[in-house]
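> I need the structure of the sequence given here:
(one chain, ligands or ions: 1)
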Amino acid sequence: MRQVTAQFNETGVDSPAATARRLLAYVLDRPREWVIAHDDDVLSAAQLQQFQSLVARMVAREPLAYILGHRAFYDLDLVVDARVLIPRPETEMLVELALGELQQVAFDQAHTTLAIEIGTGSGAVAIAIAKHLPNRNMRMIATDVSADALDVARLNAQRCGVTERITFYYGSLLHALPPEMCQAAVVLVANLPYVTREEIEMLPPEIQAHEPRVALDGGEDGLDLVRELLRQIYRHKTAGTGFQYLRAAFFEVGASQGAACLQAARECLPIGKAKMLRDLAKLDRVLAIWL
Ligand SMILES: C[S@@+](CC[C@H](N)C(=O)[O-])C[C@H]1O[C@@H](n2cnc3c(N)ncnc32)[C@H](O)[C@@H]1O
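Modelled structure (predicted):
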């Protein structure tokens, strides 16, 4: 263990000792506390081989969540692998905001009320919302431009028991959706790629070399897709082809993008009230637009 910890330390792996124990716990299929109490136990040849192969993946700076194959998000345990971005804790804000809006929607038997997520990745946000939809007339719609990501999201929806409440569509931004979905949308959330071209080059290897580029690259200033989605919503609203019931749209963005987001909202969706919301670390995190 000491040798592996030193190796992780040298290669820049986060929390070297804890990570080594975590991998060992995974190989032994035991809790971490058990591993600490039994650190003199000898591994079988098969266990040793598996442990060494996981250590090699860590040294190659593969994210721990991909190696373990799971990530906790909200109250979910999600399958993750190299096909999807690993969901981040700050993204749980989108779930809370969407549920807050949905709770204020009057129960209406004539309409099925929809919440939409654009760019669902592992399905984390959409599945968490679907699991907590405040009434049985509500449904969740989720899209992605990556067919691989949608496969993971569908698997997660099934594992979380929400397949009846969620429908997935493949395609870019709102082009993915049948027109009637835009008509019934009450809230829209999106954590689209927002890393700038320059920032991508500076990301740690776990992200830059392993997470899907399509989940990171937001163009020159990171906001290309956010702007395009705002324009698409505006076009629908002004043409009367959708979003007439939309109460709010929430977009996760980078901490330094607040001013640019408010300008994008003014230019691309010049109706409603735009505001930047801060996360628990008091950083700008969500562009909120109430319509
Ligand atoms: C930052 S990841 C977020 C994934 C997930 N929602 C989360 O929060 O963990 C962005 C996602 O948007 C998807 N994406 C990128 N471009 C898109 C587009 N033009 N239309 C729809 N989805 C897109 C990516 O495939 C990726 O899954």
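> Around the ligand, which positions in the stretch 51-200 of the chain sit nearby?
Counting by Cβ under 6 Å from any ligand atom, the stretch 51-200 of the chain comes close to the ligand at 85, 87, 91, 118-122, 124-125, 143-146, 149, 172-173, 191-193. Any C-beta I mention is one placed from the backbone N, CA and C, and that applies to glycine too.
> Mind checking which of the residues you listed land in strands?
Within those, residues falling in strands by DSSP state E are 118, 143-144.
> returning to that earlier point: tell me which of the residues of the stretch 51-200 of the chain next to the ligand fall in helices.
If you go by DSSP state H, those have 124-125, 149 in helices.
> need those residues in TSV with neighbour count and pLDDT, can you?
Below are those laid out as TSV (neighbours: other Cβ atoms under 10 Å; pLDDT from 0 to 100):
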residue	neighbour count	pLDDT
A124	30	98
V125	29	98
A149	24	98
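> what separates stretch 157-170 from the chain centre, distance-wise?
On the basis of Cα atoms, centre = their mean, to the nearest Å, stretch 157-170 sits 15 Å off its chain's mean C-alpha point.
> buried residues in that stretch?
157, 160, 162, 165-169 (16 or more other Cβ atoms under 10 Å).
> and which of those is nearest to A65?
C160 (16.9 Å; Cβ to Cβ).
> From R154, how far out is the residue nearest to the closest one when sequence neighbours are not counted?
Spatial nearest neighbour of C160, excluding adjacent residues (Cβ to Cβ, 6 or more residues apart in numbering): I127 at 5.1 Å. Taking Cβ to Cβ, to the nearest Å as the measure, I127 falls 10 Å from R154.
> which of these two has more neighbours?
I127 (31 against 16; other Cβ atoms under 10 Å).
> that older thread, which element is the residue nearest to C160 on?
helix 124-131 (DSSP states H and E).
> Just the buried residues of the residues of the stretch 51-200 of the chain next to the ligand.
Buried among those by 16+ other Cβ under 10 Å: 85, 87, 91, 118-122, 124-125, 143-146, 149, 173, 191-193.
> ok, which pair from the buried residues of stretch 157-170 is furthest apart?
C160 and Y169 (18.7 Å).
> Packing partners of the lowest-mean-pLDDT helix or strand in the chain?
Least confident helix or strand, the chain: helix 32-37 with a mean of 81, by mean pLDDT, DSSP states H and E. The contact analysis (3 or more Cβ pairs under 8 Å, 6 or more residues apart in numbering; DSSP states H and E) places helix 32-37 against helix 16-28.
> got the buried residues for the helix it packs on?
Buried residues in helix 16-28 (16+ other Cβ under 10 Å): 16, 19-28.
> Skip the chain neighbours and tell me the closest residue to the residue most central in space within the chain.
Geometric centre of the chain, nearest residue: P87, 4.1 Å, by Cα atoms, centre = their mean. Computed as Cβ to Cβ, 6+ apart, the closest residue to P87 that is not its neighbour in sequence is A124, at 3.7 Å.
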